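In: Sequence and computational prediction follow.
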Amino acid sequence: MHSKKILKIALLVFAFGVVFFIYSSYDPSQSNFFIPCPIKYTTGYECPGCGSQRAIHELLNFNFYSAFRLNPFMILSLPLIIYGLGITIWNWIFKTHYRIRLFYSNLFIYLYFGAAILYWILRNIPYYPFNLLAPTAI
């Protein structure tokens, strides 16, 4: 039983290490093996996630301003993403059932996804100040 937990932790550390290495070493805008956004590819419009891969690359290389310019919504969502992922990993390793009440709140869900949709619309308006929301590498 104890060895299964160690194996799970080792597997996670290895997986995160590989992802960390790939995203810190290779710039998604310069490398061909990163997946392009299907919405941007088919419609020409920026989705709420456009720029996230490049923003992660910039974050891992300590370029915080560039990361924020590429996708401010994702950067501001990172604390929620990390907390939710952390609880999920904890539950997986230790077979617990902790839940994040905030993520089950209808108000939170409507507000968060409403903000994502509003961000999606605003970042595609080609006029100042909305064009500042479009992914821009610096």
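Out: All right, it came through fine.

In: From Ile22, how far off is the spatially closest residue to Tyr119 that is not a sequence neighbour?
Out: Distances taken as C-beta to C-beta, 6 or more residues apart in numbering place Phe73 nearest to Tyr119, at 4.8 Å, with adjacent residues excluded. C-beta here means a position set from N, CA and C on the backbone, and glycine is covered the same way. To Ile22, Phe73 is 23 Å away according to C-beta to C-beta, to the nearest Å.

In: More neighbours: those two, which one.
Out: Between Phe73 and Ile22, counting by other C-beta atoms under 10 Å, Phe73 is the more crowded of the two (19 against 15).

In: roughly how far is the strand or helix carrying that one from the heart of the chain?
Out: Using DSSP states H and E, Phe73 sits in helix 72-94. From the chain centre to the centre of helix 72-94 is a distance of 10 Å (C-alpha atoms, centre = their mean, to the nearest Å).

In: Just give the nearest non-adjacent residue to Phe20, would you?
Out: Leu60 (6.5 Å).

In: State the distance from His57 to Gly49.
Out: Taking C-beta to C-beta, one finds His57 at 14 Å from Gly49.

In: Ala55 now?
Out: Relative to Gly49, and taking C-beta to C-beta, Ala55 is found at 10 Å.

In: Give me the common contacts of those two.
Out: Common neighbours of Ala55 and Gly49 are listed as Asn71, Met74 (criterion: C-beta atoms under 8 Å, 6 or more residues apart in numbering).

In: rewinding a little: so who does the residue nearest to Tyr119 touch?
Out: Neighbours of Phe73 in contact, by C-beta under 8 Å, 6+ apart: Pro48, Ala115, Ala116, Tyr119.
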